[in-house]
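Asker: give me a 3D structure for the following:
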Amino acid sequence: MRLRYFSCPGSRVLTFLVCMVAGSASAQPWKHVKWSSDGKTFYQTEDNGGIAAYSAKDGQSTRKIAPALLTPKGQPAIEIEDFSYTPDEKKWLIYTKAQKVWRYKTRGDYWVLDIASGKLVQLGKGLPASSLMFAKFSPDGQKVAYVSEHNLYVEELATNKIKALTKDGSRRLINGTFDWAYEEEFDCRDGFRWSPDSRAIAYWQIDARKIRDFLMIDNTDSLYSYTVPVEYPKAGESPSSCRVGVVDITTAKTTWVQVPGDAQQHYITRMEWNPARTGLILQQLNRKQNQSILYTANATTGKTTELYKESDSAWIDIRSRWNDELTGWDWTKGGKSFIWVSEKDGWRHLYSIDMNGKETLITPGQYDIINLLRIDEAHNQAYVLASPENATQQYLYKVSLDGKGQPERVSPLAESGTHEYEISPTADYALHSFSNHYYQPHSELVYLPEHKDATNSRIIRDLQTSRFAIRQEFFQVTTADGVTMDGWMARPANFDSTKKYPVVFYVYGEPAAATAKDEYGAGRNFIYNGDMAADGYIYISMDNRGTPLPKGRTWRKAIYRKVGQVNMQDQAMAATELFKRHAYLDTSRVAVWGWSGGGGMTLNLLFRYPQIYKTGIAIAAVGSLFTYDNIYQERYMGLPQENREDYVNGSPVTYTKGLVGNLLYVHGTGDDNVHFQNAELLQNELIRNGKQFQFMSYPNRTHSISEGAGTFQHLSALYTNYLKEHCPPGAR
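Answerer: Have a look, this model is predicted:
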């Protein structure tokens, strides 16, 4: 239920910015930044269609690949979506003509460029156009493997001979990639891995043939409507069956890994090769996702051995929650051990685990690791993101791999806010991006571990010498229950504390996202058509228990089996405390809005706390917890067969009779994530209870409601006009 579209400009979902062009300080968006294996150079696509190389030492750029080399004979130049290269950088793989598969553009065309000869060849000749997925070179650089229409292929680069490694793939039997639920909730997309010796490929096979299709209806693209099926297991329904196979490149014979248990009642969320051996390592979660087992597997026989096991009374997070690089395993000592993340002692910590399953805690203390960015074995340290003192912020720290000493902050003390890094393979350099609630994202190249600027950055100079128009204030509020929440408040222009102002709360409040972070975009409403501050609104967002903040396991998992309950109570009680604290908050003009999970929270708050919230705008909202996919919902709520009452108590449809104020509900009919079904279920209950409301559907729009000319402008105008009409702006 993670809506990436809802974030404000400057948030982590937007393109990484690097402000470093030949030592200048002019801002430039950098797409597809790739480090060379020696960590001395990084590569970036150019606006003119080529690829540039940048020296990490001084930021000077040279052209690596000219646009002419990426122009097939008789065709226009290739528009680069992404690229990769062999370890010796003699062959480059160019991704183009990308098409969406649900959220992301993960299928398209691939070309291989041989640098020495200048030869440019398209891969997958004879396969459907724009159907290739996740193409990657073999470690020896002689072949490329890819998925097309749910089958796995390998292509010899010397002859361009294509060989099918699987032939049974279909929409419901998926080789080398994943179904909707795995993609959405585990961030699993690329579903195959080359062996280190280039002789085999390990891959996932998802069998969704027992999963019921949810049928979306397309009424606009033809004279007669038709259905769009999505294999979508809802809460309480069994997931797709999953297994891992190892296919021999020469024989195309697959050996299936013998993972214990019922293949349909578990998940395999990670799988990689051990670089020191010929075997695999994989992670299995049980259906409830509260038990994790790591297995090693013999690639020849498929036999598995249990290596490491842990459980949690709530749920266990997977790698996508603590590492932005979703593939790979964090190996140390050449594959004899690896770094693992666990909350077993109440905090998210790093552990070293050897291949006998022996663990060593390497980040002791009462603080959370936010992300693991880079292991630097040469200096016996790892670089992590953390923020022990302020959960709204994020900084780079280095920690010792032997568990000794205290974490040492690397990010400059003068830069208070949110830091992002792309660290080189050797950990000598990093592309660093910084913002806070008043400072727009700016980036630079820095030397590590000193964090010395290599390109005359202006960040610290700006913070020390510039004057910023700051309307946002970060605060903490403690509820009557003793829960302390972080939040921000953006006050109107020409604010007068003796007057009263309308209040708009922005909410999300589920384990997938936090909103009250000290980063650029805080206090700014991206969907509002105009300037809320200039129009005279107070804008507030607060993060309740259950949001993914570095406040410890107890904070994050207090929401287990209580989605729609704990988060609602925290938000309402915190709002009540703010009203007591600030007389300038006009309690007769209070609005709340949110998208996706935040839309569901908006509905719950409006229905259950009408004495607080007078107007609500819910977009793509979850009306019933029973309708959402099983991976997300069962992770945080348990199985509905065992605790159905928790699902009922957390669902907005249960409380529609409580609507007293004004409701605008917006949903796209083509939403494959939070189905339009939610809108119709909710409307039925509102109608049954005699409640008047305003509803807007957007034909064939997905969860982002962004497709089609004029869509966002229309939605923005609708939102703004409704807010102004029912929660009038300006001081009184």
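Asker: would you agree residue 578 is in contact with residue 477?
Answerer: Yes: with contact defined as Cβ atoms under 8 Å, residue 578 reaches residue 477; the gap is 6.0 Å. (C-beta placed from N, C-alpha, C; glycine too.)
Asker: roughly how far apart are the residue located most distally from the centre of the chain and residue 469?
Answerer: Largest separation from the mean C-alpha position in the chain: residue 498, at 42.4 Å (Cα atoms, centre = their mean). Per Cβ to Cβ, to the nearest Å, residue 498 is found 22 Å from residue 469.
Asker: bridged to residue 194, which residues?
Answerer: Beta-bridge partners for residue 194, by DSSP bridges, are residue 201.
Asker: C-terminal to the helix-or-strand element of the chain with minimal mean pLDDT, what's the next element?
Answerer: Lowest mean confidence among the helices and strands of the chain (mean pLDDT, DSSP states H and E): strand 452-453, at a mean of 86. Moving toward the C-terminus from strand 452-453, the next helix or strand (DSSP states H and E) is helix 459-465.
Asker: would you say residue 320 is within a helix?
Answerer: Yes: counting by DSSP: H, G, I helix; E, B strand; the rest coil, residue 320 is part of a helix.
Asker: number of residues surrounding it?
Answerer: 15 (other Cβ atoms under 10 Å).
Asker: isn't it up against residue 341?
Answerer: No: at 11.3 Å, residue 320 does not count as touching residue 341 under the criterion of Cβ under 8 Å.
Asker: I'd like the distance between the nearest residue to residue 272 once chain neighbours are set aside and residue 370.
Answerer: Counting by Cβ to Cβ, 6 or more residues apart in numbering, residue 272 lies nearest to residue 329, which is 4.2 Å off, once chain neighbours are set aside. Distance, residue 329 to residue 370, using Cβ to Cβ: 20 Å.
Asker: before we move on, the earlier item: the least confident helix or strand of the chain packs against which elements?
Answerer: Under the contact criterion of 3 or more Cβ pairs under 8 Å, 6 or more residues apart in numbering; DSSP states H and E, strand 452-453 touches strand 442-447.
Asker: pull the CA atoms of the strand it packs on into PDB?
Answerer: Provided in PDB are the C-alpha atoms of strand 442-447 (Å, rounded to 0.1, in the frame of the first residue of the first chain):
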ATOM      1  CA  HIS A 442      21.600  20.000  -3.300                       C
ATOM      2  CA  SER A 443      24.300  17.500  -4.000                       C
ATOM      3  CA  GLU A 444      28.000  17.100  -4.100                       C
ATOM      4  CA  LEU A 445      30.900  14.600  -4.400                       C
ATOM      5  CA  VAL A 446      32.600  13.900  -1.100                       C
ATOM      6  CA  TYR A 447      35.700  12.000   0.000                       C
END
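Asker: what residues sit buried inside it?
Answerer: Burial within strand 442-447, assessed by neighbour count using 16 or more other Cβ atoms under 10 Å, is assigned to 442-446.
Asker: picking up where we left off before, looking at this, the residue farthest from the centre of the chain is in a strand?
Answerer: No: read with three-state DSSP, residue 498 is coil and lies in no strand.
Asker: contacts only, for it.
Answerer: residue 584 (Cβ atoms under 8 Å, 6 or more residues apart in numbering).
Asker: separation between it and residue 582?
Answerer: Distance, residue 498 to residue 582, by Cβ to Cβ: 12 Å.
Asker: the strands in the stretch 51-200 of the chain, which residues?
Answerer: Along the stretch 51-200 of the chain, counting by DSSP state E, counting those that start in this stretch, strands occupy 51-55, 61-65, 82-85, 91-101, 104-114, 120-122, 132-137, 143-148, 151-156, 162-164, 173-175, 192-194, 200-207.
Asker: contact partners for the residue nearest to residue 517 when sequence neighbours are not counted?
Answerer: Nearest residue to residue 517, sequence neighbours excluded (Cβ to Cβ, 6+ apart): residue 392, at 5.3 Å. The neighbours of residue 392, taking Cβ under 8 Å, 6+ apart as the test, are 474, 486, 488, 516-518, 549.
Asker: residue ranges with poor pLDDT in this protein?
Answerer: 1-32, 454-456 (pLDDT under 70).
Asker: show me the contacts for the closest residue to residue 658 other than its chain neighbours.
Answerer: Leaving aside its sequence neighbours, residue 658 sits nearest to residue 607 (Cβ to Cβ, 6+ apart; 4.0 Å). Applying Cβ under 8 Å, 6+ apart to residue 607 gives the contacts 652, 655-659.
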